[in-house]
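Engineer: My questions are about this predicted structure, shown below with the sequence.
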Amino acid sequence: MILLRFTCLNHRSMRDEANLSLVSSTLKTARPANGDWASSTVRVAGVYGPNASGKSNLLDAIWFANSCIRNSATTWAERPQLPHHPFQLNPDSRDSPSMYSFDFVEDGVRYEYGFEISATGVESEWLNAFPSGRRRVLFERSMDMPIQFGRSLGGQLQALERMASRRTLFLSTAALGKHRLLRALHHALSNHIQFAQYSDSDRSARIRWVMGLLDDEELRAQATNLLRFADLGISAISVSAELESSELDEPVKRALLAFNRELRRKPTPDDSRDGSGEDPEFDEATFLKALRDVSKSIRFSHGPSEDCTLDLRDESSGTIAWLSLAVPALQALKKQTVLLVDELDASMHPRLTAALVAMFKDPRLNTTGAQLVFTSHDATLLGHLSPVELTPDEVWFCQKDAEGNSELISLAEFTTRIGDNFERRYLQGRYGALPIISPDELIHALQSTPDEATIEHAQ
């Protein structure tokens, strides 16, 4: 899948419509003349701005929309309300639906899929195709009205429509119903977008994700090479399960299985799935495999001898950050995935940050057309001294207005010239999206009383 644009409206700090485009400004027509979308789109998009400007909320909007597609017809179907994250600083926005739209290419054809949701359910949903540049409606849905289907969609559409509900996206329902085209598009959107968030809990989840990926021998070899490239003193990686199900004592195994069954019981008296409340899909082998996966650990060999190893918790935060981003990046390059990374530069040297971006920009490494969308404070990527320099099409700025609404603007919208030092101009405030703080203002703020500070802030 190649992402062309993502648009959202009324999501967290994004009160007004925010549009992130990965289409190259060199494309002047509705579609590339040769049909090569990879050469007409950018491989990376970096979003810059002050803290609390809304950068992370943009990535959160993409991931939330992705979660809706993945979960609305399955794990969310029984919820009394759908998750809804509107702009909270305006009463009208709090009571309004949120909108999300993906413009993407799958199997050489451009599609536009979007939906509006509120806490009470799906307000509207649409899917359009552009097989030859002109829009072709595949389906349109509005509130509780019958779904309007395009003549070219085909399939048992009436039966699928009966399966849909107010709280489920039709695309997700049709995927469960095994509609050939809609299932393929659902798979593209739900499986070819990955999010590497940054926080202690998110980093732990990312490491568990990496452990699963490292079962791939080829990926593990590439990850080892990347660790060597980073000059971290690591010569090899190994992943092992500290706990094998065969090693469990029978009483312990029975206790764990019983505990897991109890957790999976539905705590409502009207549960009638199998008469006992127990999940009929419970699989002992799957549970024991999951138990083994949880006990996996990563060890790093240092120096020429593989006997000199250190556990993950003994490695530096920089090593962990590089590993937890480099491995998902390798998978993205292999699977043509859109990789979202919040705070790309956290705990990493600027040269390693540049190297990760270069992996996506270099066509010799990125042969599938994978894309990287990241937030960062590392302005060195905008300068001439960076090993990899971002172009105006690849740079976005995010800032909040006086009402707390996050605005997104591309560097390509400014007048630029070849040879401009974007790093220097950004740090000079030429493009906005920069906290305006002077030493004198800092001293004054620290010396002011709370009442004085409140009055000045109101002015």
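Structural biologist: Arrived safely. Numbers count the residues shown, from 1 in each chain.
Engineer: all helices of the stretch 51-200 of the chain, in order?
Structural biologist: For the stretch 51-200 of the chain, the helices defined by DSSP state H, counting those that start in this stretch occupy 55-71, 91-94, 157-163, 170-176, 180-191, 200-213.
Engineer: List just the one of those that sits closest to residue 385.
Structural biologist: helix 55-71 (23.5 Å; Cβ to Cβ). Bear in mind the C-beta positions are built from the backbone N, C-alpha and C, glycine included.
Engineer: got a markdown table for the helices of the stretch 51-200 of the chain, with distance to residue 225, mean pLDDT and mean neighbour count too?
Structural biologist: Converted to a markdown table, these look like this (distance: least, Cβ to Cβ, whole Å; pLDDT from 0 to 100; neighbours: other Cβ atoms under 10 Å):
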| stretch | distance to residue 225 | mean pLDDT | mean neighbour count |
| --- | --- | --- | --- |
| helix 55-71 | 28 | 97 | 22 |
| helix 91-94 | 48 | 95 | 12 |
| helix 157-163 | 47 | 93 | 14 |
| helix 170-176 | 37 | 96 | 24 |
| helix 180-191 | 26 | 97 | 18 |
| helix 200-213 | 15 | 73 | 15 |
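Engineer: residue nearest the centroid of this structure?
Structural biologist: Geometric centre of the chain, nearest residue: residue 195, 3.1 Å, by Cα atoms, centre = their mean.
Engineer: thought that residue was touching residue 59?
Structural biologist: Yes: judged on Cβ atoms under 8 Å, residue 195 makes contact with residue 59 at a distance of 6.6 Å.
Engineer: Show me the common contact partners of these two, please.
Structural biologist: Counting by Cβ atoms under 8 Å, 6 or more residues apart in numbering, the common neighbours of residue 195 and residue 59 are 340, 342.
Engineer: What is the least confident helix or strand in the chain?
Structural biologist: helix 284-294 (a mean of 59; mean pLDDT, DSSP states H and E).
Engineer: partner strands of the helix or strand just after that one, parallel or antiparallel?
Structural biologist: Proceeding N to C from helix 284-294, the next assigned helix or strand is strand 296-302, under DSSP states H and E. Here strand 296-302 is paired, per DSSP bridges, with strand 234-241 (antiparallel), strand 309-311 (antiparallel).
Engineer: Report the mean confidence score over strand 296-302.
Structural biologist: Summarised as a single mean, pLDDT over strand 296-302 is 81.
Engineer: Over to stretch 366-373?
Structural biologist: Computed over stretch 366-373, the mean pLDDT rounds to 97.
Engineer: Also stretch 394-405?
Structural biologist: Averaged over stretch 394-405, pLDDT sits at 96.
Engineer: Surely residue 379 and residue 426 touch.
Structural biologist: Yes: counting by Cβ under 8 Å, residue 379 touches residue 426, with 5.6 Å between them.
Engineer: joint contacts of those two?
Structural biologist: Taking Cβ under 8 Å, 6+ apart as the criterion, residue 379 and residue 426 both touch residue 48.
Engineer: possible to save the helices of the stretch 51-200 of the chain as CSV with distance to residue 300?
Structural biologist: Shown next, in CSV, are the helices of the stretch 51-200 of the chain (distance: least, Cβ to Cβ, whole Å):
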stretch, distance to residue 300
helix 55-71, 29
helix 91-94, 48
helix 157-163, 49
helix 170-176, 40
helix 180-191, 30
helix 200-213, 13
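Engineer: and residue 105, which of these is closest to it?
Structural biologist: Residue 105 sits nearest to helix 180-191 of all the helices of the stretch 51-200 of the chain, at 9.2 Å, using Cβ to Cβ.
Engineer: I'd like the next helix or strand past the helix or strand where residue 319 lies.
Structural biologist: Here residue 319 sits within helix 317-335, counting by DSSP H and E. Once the chain leaves helix 317-335, the next helix or strand it forms, by DSSP H and E, is strand 338-341.
Engineer: And that following strand, how far out from the chain middle?
Structural biologist: 5 Å (Cα atoms, centre = their mean, to the nearest Å).
Engineer: Who are the packing partners of the helix or strand just after that strand?
Structural biologist: Later in the chain than strand 338-341, the nearest helix or strand by DSSP H and E is helix 350-361. Counting contacts by 3 or more Cβ pairs under 8 Å, 6 or more residues apart in numbering; DSSP states H and E, helix 350-361 packs against strand 44-48, helix 317-335, strand 371-376.
Engineer: and the ones you listed as a markdown table, adding mean neighbour count and distance to residue 226?
Structural biologist: Shown next, in a markdown table, are those (neighbours: other Cβ atoms under 10 Å; distance: least, Cβ to Cβ, whole Å):
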| stretch | mean neighbour count | distance to residue 226 |
| --- | --- | --- |
| strand 44-48 | 25 | 18 |
| helix 317-335 | 21 | 5 |
| strand 371-376 | 25 | 15 |
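Engineer: Residue 399: which of those is closest?
Structural biologist: Minimum separation from residue 399 across the helices and strands packed on helix 350-361 (Cβ to Cβ) falls at strand 44-48, 9.5 Å.
Engineer: Tell me the strands beside the closest one, with direction?
Structural biologist: Sheet pairing for strand 44-48, using DSSP bridges, gives strand 371-376 (parallel), strand 395-400 (parallel).
Engineer: what's the angle from the first one to helix 317-335?
Structural biologist: Angle between the axes of strand 371-376 and helix 317-335 is 160 degrees (criterion: axes from the mean of the first three to the mean of the last three Cα atoms, to 10 degrees).
Engineer: Next, the angle from strand 371-376 to helix 350-361.
Structural biologist: Interaxial angle, strand 371-376 versus helix 350-361 (the same axes, to 10 degrees): 150 degrees.
Engineer: and the angle for strand 371-376 with helix 55-71?
Structural biologist: Here strand 371-376 points in a direction 140 degrees away from that of helix 55-71 (the same axes, to 10 degrees).
Engineer: can I get the CA coordinates of strand 371-376 in CSV?
Structural biologist: Extracted C-alpha coordinates of strand 371-376, given in CSV (Å, rounded to 0.1, in the frame of the first residue of the first chain):
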residue,chain,number,x,y,z
GLN,A,371,6.9,5.2,3.8
LEU,A,372,8.0,6.8,7.1
VAL,A,373,5.9,9.4,8.8
PHE,A,374,7.5,10.8,11.9
THR,A,375,7.5,13.6,14.5
SER,A,376,10.8,15.2,15.7
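Engineer: Thanks a lot, catch you later.
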